[in-house]
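Trainee: Need coordinates for the following:
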Amino acid sequence: MRSPRRGEIWTVAIGSASQAVLVISSTIYNEIVDEPTVLVALIVEHAGGEGFCVDLGSGQWAVMGLVTFVAKAGLGECLRRVDTQMLTDVNTMLFKILATPER
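Mentor: Below is the predicted model:
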């Protein structure tokens, strides 16, 4: 298996089902042989623009409030790569989440 790249949508096996995830960790990080994981955001369908979701097209939404890690070995198939604007929207949403001041 090749190293996943930032901005790619991959499948991950969850039990007998398959779940799509968006790789958000840097490609350089993902290529480190001794690092067994990548950071991903869960992808759902028909979420809408509310909350922390980013439209990835084709009815898919990245839920940026559901960021986690998965084992590189657990990645299945690379489905597609999002375009530069979508990846910029993902970065912007992460920044909004992380830069929100404490009250």
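Trainee: Skip ahead from whichever helix or strand Leu42 is part of and say which helix or strand is next.
Mentor: Using DSSP states H and E, Leu42 maps to strand 37-45. Heading C-terminal from strand 37-45, the first helix or strand you meet, by DSSP H and E, is strand 53-57.
Trainee: Can you tell me what sits against the strand holding Leu42?
Mentor: Residues outside strand 37-45 that contact it (Cβ atoms under 8 Å, 6 or more residues apart in numbering): 4, 9-10, 12, 19-25, 29-30, 53, 56, 59-64, 66-72, 75, 90. Quick note: C-beta positions are derived from backbone N, CA and C, even for glycine.
Trainee: in it, what's buried?
Mentor: Val38, Leu39, Val40, Ala41, Leu42, Ile43 (16 or more other Cβ atoms under 10 Å).
Trainee: Test my guess that Ser26 contacts Arg5.
Mentor: No. Here Ser26 lies out of contact with Arg5, judged by Cβ atoms under 8 Å, at a distance of 9.3 Å.
Trainee: Which other helices and strands does the longest helix seen in the chain contact?
Mentor: Looking across the chain with DSSP state H, the single longest helix is helix 84-99. The helices and strands touching helix 84-99, judged by 3 or more Cβ pairs under 8 Å, 6 or more residues apart in numbering; DSSP states H and E, are strand 53-57, strand 60-71.
Trainee: Now do stretch 84-93, average pLDDT.
Mentor: Stretch 84-93 shows a mean pLDDT of 94.
Trainee: Distance from it to the middle of the chain?
Mentor: Taking Cα atoms, centre = their mean, to the nearest Å, one finds the center of stretch 84-93 at 11 Å from the center of the full chain.
Trainee: Could you do stretch 73-88 as well?
Mentor: Worked out by Cα atoms, centre = their mean, stretch 73-88 lies 7 Å from the chain centre.
Trainee: Start and end of that stretch, how far apart?
Mentor: One end of stretch 73-88 sits 27 Å from the other (Cα to Cα, to the nearest Å).
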